[in-house]
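[1] here is my input, please return the structure:
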Amino acid sequence: MFTPEEITPTTASLEQFHHMHDHRSAFAERRQQILKQKYNEKQTDSLPSLSPDTADDLPSQSVLSTTSADIPVPTLSTASSPIANVAWRQVLQLREENRRLRAEVATLRPQTLNFQQAVEEAAQKHVRDITQGVITHPQETAPWLRQMLQEAQSHAQQTGDRHWNETLFLKRELQRIVVQFEREREQLNTQREQLAALQASVREHAIQREQTLDARLRARWRVVSIATSLGLLGLLVILQFACLALFRVGVVGMMNLALVVPIVICSLLALVLSTPLAFFKQVYMSAPHRIK
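    As a prediction, the model looks like this:
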């Protein structure tokens, strides 16, 4: 709480600042009156004399007076030298007065800022004292302070409830988003597993088809090779007998048998040993070999 003794010294600077502004406004009005009076005197002195010869030129004279009114006082080149000196002195005085007033304003600005800061600190201290008194001695508090405190408490409670509700809403939204992400991740994992299974089945089908085609090609090649071998052997036997008949070589029955039996035996051995030889070849090719 502030006492009158504490408040009186601080308001003196404000009163002084107010009086200074009144002095400035009065001085500005007086300066405007002086300038207007000087200007009217110049305009009165520079008016042309009316005569019958110049009566027709009256509009042009009014135009000249109007244009001369727009020219500042210190820059008039047609004025006499004493009037110009007086006007120039007035301008210098006004400039000096302006500088002085600016200096006074510059000196008063820190005082004003200090006063505002002191008022703010005092107001904050006053509010703290009132708040502490309301908290420590609620029975001795004024009714309007109690009502203000209740309103502040209700407003704070409403604000806290609103923030709590917003927090719960955000929490539920985050949980919903997390559940949705988990569901989408499970769907992606399921699709990935299905895609992997599909790729494995396609790979197995491709391997089986390749093996089937390989077996068919092998069987076809084996049939062709056997047929070719048998054909060549038959052709060999036929050519042998043809050559014997052509060269008229004496052939007996046992000799014919000796020519045919080895060929038949070799053919049978080739048919019997083809499968074991292929098996041993496959085992040899599948065994690891050291690279030289």
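[2] now Ile226, what's its secondary structure?
    At Ile226, secondary structure determined by DSSP: H, G, I helix; E, B strand; the rest coil is helix.
[3] and for Pro288?
    coil.
[4] can you get me a residue count around it?
    5 (other Cβ atoms under 10 Å). In short, each C-beta sits where N, CA and C put it, glycine included.
[5] quick one: low-confidence parts of the chain?
    The chain contains residues with pLDDT under 70 at 1-28, 38-80, 134, 137-142, 145, 248-256, 258, 273-283, 286-287, 289-292.
[6] what about 80?
    For the chain, applying pLDDT under 80 flags the ranges 1-82, 127, 129-149, 226, 229-230, 233, 237, 240-241, 243-292.
[7] all the helices of it, in order from the start?
    All helices of the chain, identified by DSSP state H, fall at 4-45, 58-69, 81-136, 143-246, 253-286.
[8] okay, those in TSV with mean neighbour count next?
    Below are the helices of the chain laid out as TSV (neighbours: other Cβ atoms under 10 Å):
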stretch	mean neighbour count
helix 4-45	12
helix 58-69	11
helix 81-136	12
helix 143-246	11
helix 253-286	11
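[9] measure Ile177 to Gly133 for me?
    Applying Cβ to Cβ, to the nearest Å, the value for Ile177 to Gly133 is 49 Å.
[10] likewise Glu104?
    Taken as Cβ to Cβ, the span from Glu104 to Gly133 is 42 Å.
[11] same question for Leu236.
    Separation of Leu236 from Gly133 (Cβ to Cβ): 134 Å.
[12] and what of Ile238?
    From Ile238 to Gly133 the distance is 138 Å (Cβ to Cβ).
[13] likewise for Trp88?
    Trp88 sits 66 Å away from Gly133, taking Cβ to Cβ as the criterion.
[14] what's the answer for Ala227, then?
    For Ala227, the distance to Gly133 equals 122 Å [Cβ to Cβ].
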